[in-house]
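J.: Structural data only, the sequence is not supplied:
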């Protein structure tokens with residue numbers, strides 16, 4: 001999004017130019033690669049894409065042209081459906097800077113003839129996210145295997161992003177932006193795949209391979225080959241070209257800046273907190289919980305407050321901008337130095353130091369400075385303790401919004417995904433195990449447990465889900481404590497019967513001792529990886545399994561110990577089995593100290609998980625005495 005006030009002036013200026021000037025036509029020497037509604041029969045007869053036979057669909061052409069005279073953009077998009085799973089591609093979601101005119105058709109080959117189904121108006125859904133930011137949801141009719149989908153999208157402005165690559169193959173993607181002295185457009189290039197044509201006003205991606213999601217990666221969008229586009233000037237008006245200018249727009253040309261000036265706000269709540277809390281951290285926590293009680297998140301990831309903050313507060317619900325602006329104001333009333341932090345969520349892509357952007361900012365959190373600590377706060381999540389960011393916000397760096405100095409701040413998680421599992425089990429002659437398992441979930445592990453637990457209507461369904469995730473396990477009794485107290489660990493206890501992994505003969509019992517949360521497959525299968533490994537949070541898992549074996553048996557063999565350490569001690573896997581008479585003690589610890597590992601570090605992460613999978617799949621073998 002660009003400066004809304006100056007953009008309005010720009011629109012008026014452009015209208016005057018259009019009235020008193022003769023429009024020129026942008027002429028390119030190259031013909032258009034595609035025209036809406038002109039479908040070749042051979043495309044409908046196409047059964048497979050030769051360059052990627054696994055593809056369920058292929059983008060035949062994605063062609064966009066900007067007209068600087070009318071400041072308008074036309075996009076023609078054509079897609080071929082190859083497999084049943086590709087039919088889901090009939091549902092499009094895209095964001096643009098203005099209201100759009102959309103035409104669409106689905107083409108099928110019926111008895112050798114081309115049959116056309118037009119997109120209906122009732123299948124186009126428009127949502128005004130903020131001023132000059134519209135989201136469209138479009139569903140094409142009668143899409144089946146073999147269909148060709150054609151879309152034409154017309155709107156004022158330029159796209160936020162132009163993609164040359166996708167999660168399916170792209171045969172041809174072309175962007176044309178002619179040079180025009182009165183309009184400046186910044187084109188920020190991202191991605192690993194090179195372009196086929198790069199000219200002053202024309203860029204083409206040809207035969208771009210699909211980029212698929214991989215385990216433990218940030219949003220795929222961050223790694224696709226693309227342009228992020230932004231106006232820098234138009235008809236004498238200049239838009240934000242530095243991060244300091246972006247900060248200035250946020251403070252002086254947006255609803256965020258206006259609402260930050262609010263003075264008469266939550267005075268009685270601030271007084272009650274100040275009277276009851278002695279330390280700054282206690283006041284911060286109380287303010288955070290007060291905002292959460294008074295305002296529920298409507299699940300809109302929006303940077304700007306939608307309405308007057310006092311009005312929104314009276315309604316009891318709001319977007320992320322509403323809620324966290326209210327939190328900033330309340331903390332400031334408590335004399336806690338607090339700043340808004342503008343960011344881009346994981347689903348929206350990362351911000352970069354080098355390419356200032358107003359449009360890409362889509363979320364707001366608060367930063368409180370207490371005892372030389374910078375504490376990030378997001379009061380949208382019911383189960384999230386103060387000082388922890390939700391997953392969607394842990395995305396590189398955010399920008400502190402301040403009228404004195406605007407700087408970057410790293411969007412760090414507030415803690416570790418930490419859990420402890422202790423089991424006291426008895427193995428019977430028939431291979432069945434029974435006993436008790438105690439689990440403790442701390443910090444992010446506690447948050448994630450509570451979030452998952454809240455999705456079940458009752459405790460019985462929650463228990464059934466655990467049994468489904470652990471085949472062979474039957475939970476006969478259970479208790480969960482700490483669900484409603486988000487600042488303490490969750491403690492879950494289960495009485496179980498287990499029969500899944502034992503192999504019994506007349507003289508031996510072979511079984512796997514890790515019966516809960518065992519990692520069966522290595523998620524890292526590629527020899528090389530172009531994308532960083534992103535665990536989101538540091539992780540710490542500690543498992544202790546105490547198993548009593550039958551009196552008639554003794555331990556014949558058990559897994560050898562392992563102590564695998566990542567370079568610079570950034571992670572560790574230890575595994576140890578101890579045997580004493582009829583007792584076996586298994587201790588398994590997995591620690592990953594940093595959330596993100598580079599492509600260079602990938603082989604070590606792959607080896608770490610290989611060690612875990614191999615060791616946790618090794619059995620204990622018992623023999624009769």
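T.: All right, it came through fine. Model, not experiment: these values are computed from the prediction.
J.: make it CA atoms for all contacts and neighbour counts henceforth
T.: OK.
J.: In contact with residue 451, which residues?
T.: residue 383 (C-alpha atoms under 8 Å, 6 or more residues apart in numbering).
J.: Wait, a helix at it?
T.: Yes. When DSSP: H, G, I helix; E, B strand; the rest coil is applied, residue 451 is found to be in a helix.
J.: Next one: it relative to residue 536, how far apart?
T.: 17 Å (C-alpha to C-alpha, to the nearest Å).
J.: Looking at stretch 454-462 now, give me its mean pLDDT.
T.: Average pLDDT, stretch 454-462: 92.
J.: What residues of it count as buried?
T.: Within stretch 454-462, no residue is scored as buried using 16 or more other C-alpha atoms under 10 Å.
J.: show me where the stretch 501-625 of the chain has helices.
T.: With helices called from DSSP state H, counting those that start in this stretch, the stretch 501-625 of the chain shows them at 602-616.
J.: how's the protein carved up into domains?
T.: 4-238, 243-410, 417-444+496-624 (automatic domain parsing).
J.: just these: most buried one?
T.: domain 243-410 (a mean of 19; mean count of other C-alpha atoms under 10 Å).
J.: dump the residue contacts of residue 421.
T.: The neighbourhood of residue 421, defined by C-alpha under 8 Å, 6+ apart, consists of 437-440, 542-544.
J.: Now with 10 Å, please.
T.: Counting by C-alpha atoms under 10 Å, 6 or more residues apart in numbering, residue 421 touches 437-441, 491-493, 516-517, 541-545, 588.
J.: For it, which residues count as its bridge partners?
T.: residue 439, residue 543 (DSSP bridges).
J.: any idea how far it lies from residue 465?
T.: For residue 421, the distance to residue 465 (C-alpha to C-alpha) stands at 18 Å.
J.: do residue 538 as well
T.: Using C-alpha to C-alpha, one gets 26 Å for the distance from residue 538 to residue 465.
J.: Kindly report the same for residue 318.
T.: As defined by C-alpha to C-alpha, residue 318 lies at a distance of 33 Å from residue 465.
J.: Pick out whichever of the contacts of residue 421 sits closest to residue 287.
T.: residue 441 (25.3 Å; C-alpha to C-alpha).
J.: Please name the nearest non-neighbouring residue to that closest one.
T.: Nearest non-adjacent residue to residue 441, counting by C-alpha to C-alpha, 6 or more residues apart in numbering: residue 419, 4.5 Å away.
J.: just to confirm, which helix or strand has that neighbour in it?
T.: strand 417-427 (DSSP states H and E).
J.: What are the phi and psi values at residue 313?
T.: With angles defined as degrees, to the nearest 10, residue 313 sits at phi -60, psi -40.
J.: That one contacts residue 295, correct?
T.: Yes. Under the criterion of C-alpha atoms under 10 Å, residue 313 makes contact with residue 295 at 6.4 Å.
J.: so what's in contact with those two at the same time?
T.: In terms of C-alpha under 10 Å, 6+ apart, residue 313 and residue 295 are both contacted by the residues 322-323, 326.
J.: With the flanking residues excluded, which residue is spatially nearest to residue 84?
T.: residue 145 (5.6 Å).
J.: what do you get for residue 521?
T.: Counting by C-alpha to C-alpha, 6+ apart, the residue nearest residue 521 is residue 613, at 6.2 Å.
J.: Assess the claim that residue 541 and residue 420 are in contact.
T.: Yes. Counting by C-alpha under 10 Å, residue 541 touches residue 420, with 6.1 Å between them.
J.: residues shared between the contacts of the two?
T.: Contacts common to residue 541 and residue 420, judged by C-alpha under 10 Å, 6+ apart, are 441, 445, 589.
J.: need the contact list for the last one.
T.: When you say that, I think you mean residue 589. 420, 540-544, 563, 572-576, 612.
J.: out of the domains of the chain, nearest to residue 478?
T.: Closest among the domains of the chain, using C-alpha to C-alpha: domain 417-444+496-624, at 8.8 Å.
J.: Could you give the separation of that closest one from the chain centroid?
T.: Distance of domain 417-444+496-624 from the chain centroid (C-alpha atoms, centre = their mean, to the nearest Å) equals 29 Å.
J.: Check the model's average confidence along that domain for me.
T.: Average pLDDT, domain 417-444+496-624: 95.
J.: now swap in stretch 36-46 and tell me
T.: Across stretch 36-46, the average pLDDT comes to 95.
J.: Please verify my assumption that the residue nearest to residue 521 contacts residue 520.
T.: Yes. Here residue 613 lies in contact with residue 520, judged by C-alpha under 10 Å, at a distance of 5.7 Å.
J.: how about the strands in the stretch 451-600 of the chain?
T.: 473-481, 490-498, 503-504, 508-511, 533-534, 539-548, 553-557, 562-565, 571-580, 583-592, 596-597 (DSSP state E, counting those that start in this stretch).
J.: Can I get these in a markdown table including distance to residue 260?
T.: Formatted as a markdown table, these follow (distance: least, C-alpha to C-alpha, whole Å):
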| stretch | distance to residue 260 |
| --- | --- |
| strand 473-481 | 40 |
| strand 490-498 | 37 |
| strand 503-504 | 67 |
| strand 508-511 | 62 |
| strand 533-534 | 34 |
| strand 539-548 | 37 |
| strand 553-557 | 67 |
| strand 562-565 | 48 |
| strand 571-580 | 43 |
| strand 583-592 | 39 |
| strand 596-597 | 34 |
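J.: To residue 195, which of the ones you listed lies closest?
T.: When those are compared by C-alpha to C-alpha, strand 533-534 sits nearest residue 195, at 25.6 Å.
J.: What strands flank the closest one, and is each parallel or antiparallel?
T.: strand 596-597 (antiparallel).
J.: And the strands in the stretch 1-150 of the chain?
T.: For the stretch 1-150 of the chain, strands defined by DSSP E, counting those that start in this stretch occupy the ranges 57-67, 72-81, 91-96, 100-110, 113-118, 124-130, 133-139, 148-156.
J.: Could you name the helices and strands sitting against the fourth one?
T.: When contacts are defined as 3 or more C-alpha pairs under 10 Å, 6 or more residues apart in numbering; DSSP states H and E, strand 100-110 packs onto helix 41-45, strand 72-81, strand 113-118, strand 124-130, strand 133-139, strand 148-156.
J.: Name the strands paired with it and say parallel or antiparallel.
T.: Partners of strand 100-110 in the sheet, by DSSP bridges, are strand 113-118 (antiparallel), strand 148-156 (antiparallel).
J.: how about the ones you listed in JSON lines, adding distance to residue 258?
T.: JSON lines is the format used below for these (distance: least, C-alpha to C-alpha, whole Å):
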{"stretch": "strand 113-118", "distance to residue 258": "45"}
{"stretch": "strand 148-156", "distance to residue 258": "27"}
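J.: Quick one: closest of those to residue 224.
T.: Using C-alpha to C-alpha, the strands paired with strand 100-110 put strand 148-156 closest to residue 224, at 21.8 Å.
J.: what about the closest one, average pLDDT?
T.: 96.
J.: relative orientation of that strand and strand 133-139 in degrees?
T.: Angle between the axes of strand 148-156 and strand 133-139 is 160 degrees (criterion: axes from the mean of the first three to the mean of the last three C-alpha atoms, to 10 degrees).
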